[in-house]
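[1] After the sequence you'll find the predicted model.
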Amino acid sequence: MKKNKNGDLNMLPDYDFSAGVRGKYSKQYAKGTNVIVLEADVAKIFPNATVVTRSLRKLAEILKLQKAKPLNAK
């Protein structure tokens, strides 16, 4: 990687952060927010965080029920 004239890696001089808000997501991050990047085909099915979260919660319920169910039950 090459450093630019300011010594920053991969930062071009035309980047403008003047409208940025410092610490905008810091409280969320501190709570343990996880960022997960979905593969493109999965993102088409699960278009936003709400849908992903609901789906994973339902899957977790199913897994709990299967664990609680005796092995010989029909």
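    Looks like it arrived, so ask away.

[2] For E39, give its distance to I45.
    Relative to I45, E39 is positioned 10 Å away (CB to CB, to the nearest Å). Just so you know, the C-beta spots here come from the backbone N, C-alpha and C atoms, and that holds for glycine as well.

[3] More neighbours: which of the two?
    More neighbours surround I45 than the other of E39 and I45, with 10 against 7 (other CB atoms under 10 Å).

[4] and that one, what pLDDT?
    On pLDDT, I45 comes in at 94.

[5] Please report how far it lies from R57.
    With the distance defined as CB to CB, I45 ends up 16 Å from R57.

[6] So, low pLDDT: which residues of this structure?
    The chain contains residues with pLDDT under 70 at 1-9, 71-74.

[7] and K44, what does it touch?
    By CB atoms under 8 Å, 6 or more residues apart in numbering, K44 lies in contact with nothing.

[8] Backbone torsions only: list them for it.
    Main-chain torsions, K44, degrees, to the nearest 10: phi -70, psi -30.

[9] N34 versus that one, what's the distance?
    From K44 over to N34 (counting by CB to CB), the distance is 21 Å.

[10] and what of E61?
    E61 sits 20 Å away from N34, going by CB to CB.

[11] okay, now the residue lying closest to L38 once chain neighbours are set aside: neighbour count?
    In space, and not counting its chain neighbours, L38 is closest to F46: 6.6 Å by CB to CB, 6 or more residues apart in numbering. Number of residues near F46 (other CB under 10 Å) recorded here: 15.

[12] just V37 next, same as before
    Neighbour count for V37, taken as other CB under 10 Å: 7.

[13] L56 - that's part of a strand, no?
    No. Looking at L56 with DSSP: H, G, I helix; E, B strand; the rest coil, it is helix, so not inside a strand.

[14] Counting neighbours, what do you get for it?
    L56: 11 surrounding residues under other CB under 10 Å.

[15] mind checking how far it is from N34?
    For L56 relative to N34 (CB to CB), the value is 11 Å.

[16] Repeat that for F46.
    Taken as CB to CB, the span from F46 to N34 is 15 Å.
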